[in-house]
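Undergrad: task: produce atomic coordinates for the following.
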Amino acid sequence: MNLCLAGLLETGGNRERDKLFNVLVIDNGSPLEAKKLIGLFEEVDVQFIWNSENLGFTKAINQGIDACEGDIIPFNSDAVPRPGWFEPLREAAYCEDKIACVCPQHLLGNDKRCNTSLNDLTTPEWPKYKTRPDGRVALYWAGFTCVYLRRDAINSVGKLDEQHWHYCSDEFWCRHATEKGWTILYESRSLVNHFGEASLRELVVHDIELAREKIDSRFGLRK
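TA: This is a model prediction of the structure:
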């Protein structure tokens, strides 16, 4: 979490710079010592919502949607932005009227260039993604590890479905968006390191059967 916050502040969220965006932390029941470390960032104009227990990814995203007025960028705590990540996302989000959200290129912990919306982890029955004339890629869904969400798209599609504690809520939101005529984009010029599997570890605690299904069916069997 601290690396994520530090990266956000260094790349545009610090009030001492020309701020590009506001930073809101939604803490899902972290241990006390972690809360103390995270709370240090209040000194640099970071806002907080403190949940007494882990309400899950989906509920936390919806809390952020309710707490903010404009566009939002959900950002996983195990993701760290690279310099220059923000501007390409915002530019892509407004390249047309009905862009619902824009997904950056995720660099795995070892910097292998891989994005979960562009490989085997996409929903198998959906058609392949399409490259547009402007070089951007139109997706059928994008994981909300980091994604630029336009407020007018949220107003049109609604919030995430909270019956999904963590996995699938972003996928279904994107499906509803495309059904309403919105476009999901991938912008490769925006780079974000994603260290991964922190959410999966939480899911194992919350719902072991769903975790097994996700590992076996969507991510490939892991020993």
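Undergrad: CA atoms for contacts and neighbours, from now on please.
TA: Fine.
Undergrad: against Phe144, how distant is Asn51?
TA: 20 Å (Cα to Cα, to the nearest Å).
Undergrad: scratch that, Ile72
TA: For Ile72, the distance to Phe144 - Cα to Cα - is 11 Å.
Undergrad: and if you look at Cys103?
TA: With Cα to Cα as the criterion, Cys103 and Phe144 are 8 Å apart.
Undergrad: and the strands in the protein, which stretches?
TA: Assignment of strands within the chain using DSSP state E yields the ranges 24-28, 47-51, 79-81, 99-108, 130-131, 137-139, 148-149, 183-194.
Undergrad: redo those as CSV? Include distance to Ile65 and mean pLDDT.
TA: Putting the strands of the chain into CSV (distance: least, Cα to Cα, whole Å; pLDDT from 0 to 100) gives the following:
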stretch, distance to Ile65, mean pLDDT
strand 24-28, 11, 87
strand 47-51, 12, 87
strand 79-81, 19, 86
strand 99-108, 14, 88
strand 130-131, 29, 76
strand 137-139, 22, 86
strand 148-149, 10, 96
strand 183-194, 18, 88
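Undergrad: tell me which of these sits nearest to Cys4.
TA: For Cys4, the closest of the strands of the chain is strand 79-81, at 4.7 Å, according to Cα to Cα.
Undergrad: which one's more surrounded, Cys103 and Phe144?
TA: Comparing Cys103 with Phe144 by other Cα atoms under 10 Å, the one with more neighbours is Cys103, at 31 against 23.
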